[in-house]
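> Pasting the sequence and the predicted coordinates here, then a few questions.
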Amino acid sequence: MKTQNKTQIAVAYARFSSDNQRDESIDAQLRAIREYADSRKITIIHEYIDRAKSATSDDRPAFQEMIRDSASHKFNIVIIHKLDRFARNRFDSTFYKRELHRNGVTIQSVLENIDDSPESIIMESVLEGMAEYYSKNLAREVRKGMKETALKCQHTGGLPPLGYDVDPNTKKLVINESESRAVKIIFTMFLEGNGYVKIIKELNNRGIKTKRGGLFAKNVIYGILKNRKYTGVYIFNRATSKDIDGKRNNHTSKSSDEIICIKDGVPRIISDNDFEKVQERLNSRKRLDTTKAKEKYLLTGKIICGECEHSFCGNRKFSGRNKRLHITYRCNNRTGRDCIACDNKEINRDRIEQYTLKILSDIIFDENSMEQIVKNYNDFIQKSSSESENAIQDISKKIADNNRRIDNITNTIAETGNATLVTALENLEIERDRLHAQLLKEENKVSSRKVDESVIRAAFMQAKQMFESKELEDTSQLINLYLEKIIVYKEHVDIIVNVLPFFSDETDDTSYLFKKTISVLRREVYREVE
């Protein structure tokens, strides 16, 4: 450029890749770049900086901005401290250098004297190869170290799951009592049939935050429900490796021989039984996803063909002279995808649903169990009060800590007149008001009184009517809990239901549901409904 009398206008690019490097390394890079430019009378018009970004990936905001800006032709040189600051794999290096070259921009390194000579091309290739080797070899050594750490059931870095902290001495996960109660609430509510929205609402009402201090979202709840660590199993190296673009899909797993899985490697929060029930419900929710259907089928995933054992699926069609709409459940094997197509007849959706709901309502809303239900409810109130008392203790500690911080800031402002602390004081006062509101709510729960049987009886009768008319908000959840399956044969239908033994004093756990089969002729389904 000097020989062609072109003005040398440059930008600087600096980067550090991890928490092991600090902002000072950026300052050192920029200082060297500026000295390099001054000695060669090169004008730097802008500095692009990526903090804690790896050069093994091109997902670097400032780097991408620099590549885009090169098309404006406002600069003709990019100065870097060292070639490995630009890229650590040969593909990215070649690709982006070509992009810059297309826009009339060259790269100059402070520490490596690279020009357009054949010798420099060889030298540059060697340096880039060494940089890529260093990066991959470092990653291999890091993985070896992390594997050894994992075999000791120690935390390998990052944020621990909700419910756990890292012991600074042993480097192992230990239970965080306050957070573990939140985990138990999530699992319990999900097993009771509540959806993500209700669970999130309850957590927000209790003032419970995520591990990062934010509000819960559906994907966070899902991740907690799928995390086997809560059963005491230490898991490492489960997720598949990053793809060519540096992206990782945490929903896919490696083969079992690559995964480190150690039973009782972490403290248990959730029982195996509850965890497996949750997984079954999560899988059934996938099968029951009918959000895109034109019609709603309450029994989807619950009806099975007794002739060929395939599932019955919802079906709608117009037939007859008047093209009347018929909505049915039909065997999924009628289409003949297997060797022999099933000839089991369809069954009317409304009639089988109404008949099933009538059977379930007699079980769920059995008046003979009213006395036991009242007892269970009052026991629940007492248990909830105990949980609220624990919550009150936690909130009270937070309020005391908040008050100390307010006093400290108030005293500092009074002594120094520092106005910058006023905003922090206002935020603490807002948090104090929120904590007091939360405390009042929990105290009200503790003071809840036992309800009269007549109140529950009236509520049950209203809920029973709404359930049979499909108007009850939790209709699908109750079906999922109490209906095991429906087997449709050519001549009869078997409805297998789960019955809760209210009369047992042993437990109120739904794991004690026992199965009961109700068999009826297909034609009787229509008569009973009519």
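Structure received. These figures come from a predicted structure and were not determined experimentally. Numbering: from 1, shown residues only.

> Count the neighbours of residue 352 for me.
Using other Cβ atoms under 10 Å, the number of residues around residue 352 comes to 24. All C-beta spots, glycine's among them, are computed from the backbone N, C-alpha and C.

> what does residue 224 give?
Using other Cβ under 10 Å, residue 224 is surrounded by 23 other residues.

> cool, and residue 14?
23.

> How is it classified with respect to secondary structure?
Secondary structure of residue 14, reduced to three states by DSSP: H, G, I helix; E, B strand; the rest coil: strand.

> which residues does it contact?
26, 29, 30, 33, 47, 48, 49, 50, 80, 81, 85 (Cβ atoms under 8 Å, 6 or more residues apart in numbering).

> Secondary structure class of the nearest residue to it once chain neighbours are set aside, three-state.
Using Cβ to Cβ, 6 or more residues apart in numbering and skipping residues adjacent in sequence, the residue nearest residue 14 is residue 29, 4.1 Å away. Under three-state DSSP, the three-state class of residue 29 is helix.

> So residue 29 is in contact with residue 86, correct?
No. Counting by Cβ atoms under 8 Å, no contact exists between residue 29 and residue 86, whose distance comes to 11.8 Å.

> so residue 154, which of the three states?
coil.

> quick one: the helices in the protein?
Listed from the start of the chain, the chain has helices (DSSP state H) covering 23-39, 61-69, 90-102, 118-151, 177-191, 196-205, 218-226, 272-287, 349-364, 370-416, 422-446, 453-468, 475-482, 522-529.

> Any idea which of these has the lowest pLDDT on average?
Among the helices of the chain, helix 118-151 has the lowest mean pLDDT, at a mean of 65.

> hmm, back to that, check contacts around the residue nearest to residue 14.
Taking Cβ under 8 Å, 6+ apart as the definition, contacts of residue 29 comprise 14, 15, 81, 85.

> redo that, cut-off 10 Å
When contacts are counted by Cβ atoms under 10 Å, 6 or more residues apart in numbering, residue 29 touches 12-16, 47, 49, 79-82, 85, 110.

> Scan those and report the most crowded one.
The member of the contacts of residue 29 that has the most neighbours, counting by other Cβ under 10 Å, is residue 79 with 26 neighbours.

> Endpoint to endpoint, stretch 362-379 covers what distance?
End-to-end distance of stretch 362-379 (Cα to Cα, to the nearest Å): 24 Å.

> please renumber so the chain begins at 207
Done: numbering now begins at 207, and the last item shifts to stretch 568-585.

> in that stretch, what's buried?
By neighbour count with 16 or more other Cβ atoms under 10 Å, stretch 568-585 contains the buried residues 569, 570, 571, 572, 575, 576, 578, 579, 580.

> mind checking how far it is from the chain centre?
Its chain's average C-alpha position is 36 Å from that of stretch 568-585, according to Cα atoms, centre = their mean, to the nearest Å.

> now stretch 383-402
From the chain centre to the centre of stretch 383-402 is a distance of 14 Å (Cα atoms, centre = their mean).

> how about that stretch: buried residues?
Buried residues in stretch 383-402, counting neighbours by 16+ other Cβ under 10 Å, are found at 385-393, 395-397, 399-402.

> Tell me which residues touch residue 534, please.
Residue 534 sits in contact with 503, 518-523, 551-558, where contact means Cβ under 10 Å, 6+ apart.
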